[in-house]
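Predicted structure and sequence below. I'll ask about it afterward.
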Amino acid sequence: MRLNKLREHFGVSISIISKIIENTNEKVCVESQIFLLTENGRVLLSNGFAEKKRSLNLITRTACLEFCQTTAIGRACAGLGIIGDHNIASVEEIRGAQDESVPDKIVNNKPKVEVLKK
């Protein structure tokens, strides 16, 4: 879907380059850059980064590099303002990066309310 939207706006005048910043047994970091191809060369339009710990969940244990590349491209697309809701990262994603237990605290993208009993 993201690439289809890019092609709708730019045709084949777009190039995406992904670079592996880090790829270890512990984590992966990828940068994706979106370039506009012109007669004078290429112009950087947007970029996005993604970093994940391999131990985070089943997806990151089995396909962390692919997941990071897809996320980095999505963030670069969001930076262009033509795809999605134009948000770069949700509060839940940021909290999740800080605290791996966050998915248990989030229900339907909203914080789970815990009722304290006296």
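Arrived safely, thanks for sending. Numbering: from 1, shown residues only.

So what pairs up with residue 38 in the strands?
Beta bridges link residue 38 to residue 41, judged by DSSP bridges.

Run a quick neighbour tally on it.
Here the number of neighbours of residue 38 (other Cβ atoms under 10 Å) works out to 9. In this view, the C-beta of every residue, glycine as well, is placed from N, C-alpha and C.

That one and residue 64, how far apart?
From residue 38 across to residue 64, the span is 34 Å (Cβ to Cβ, to the nearest Å).

Show me the strands in this protein, by range?
14-23, 27-38, 41-53, 106-107, 110-111 (DSSP state E).

Out of these, flag the one nearest residue 7.
Proximity to residue 7 (Cβ to Cβ) singles out strand 14-23 among the strands of the chain, at 7.1 Å.

got any ranges where the protein has weak pLDDT?
Counting by pLDDT under 70, the ranges of the chain that qualify are 83-118.

List the buried residues of stretch 50-70.
Residues of stretch 50-70 classed as buried: 50, 51, 52, 54, 56, 60, 64, 65, 67, 68, 69, 70 (neighbour count, 16 or more other Cβ atoms under 10 Å).

so the third one bridges to which residues?
Read that as residue 52. residue 28.

Is it correct that it is in contact with residue 69?
No: using Cβ atoms under 8 Å, residue 52 makes no contact with residue 69, being 10.7 Å away.

need the contact list for the residue lying closest to residue 13 once chain neighbours are set aside.
Excluding its sequence neighbours, the residue lying closest to residue 13 (Cβ to Cβ, 6 or more residues apart in numbering) is residue 37, at 4.9 Å. Residues counted as contacts of residue 37 (Cβ atoms under 8 Å, 6 or more residues apart in numbering) are 12, 13, 14, 15.
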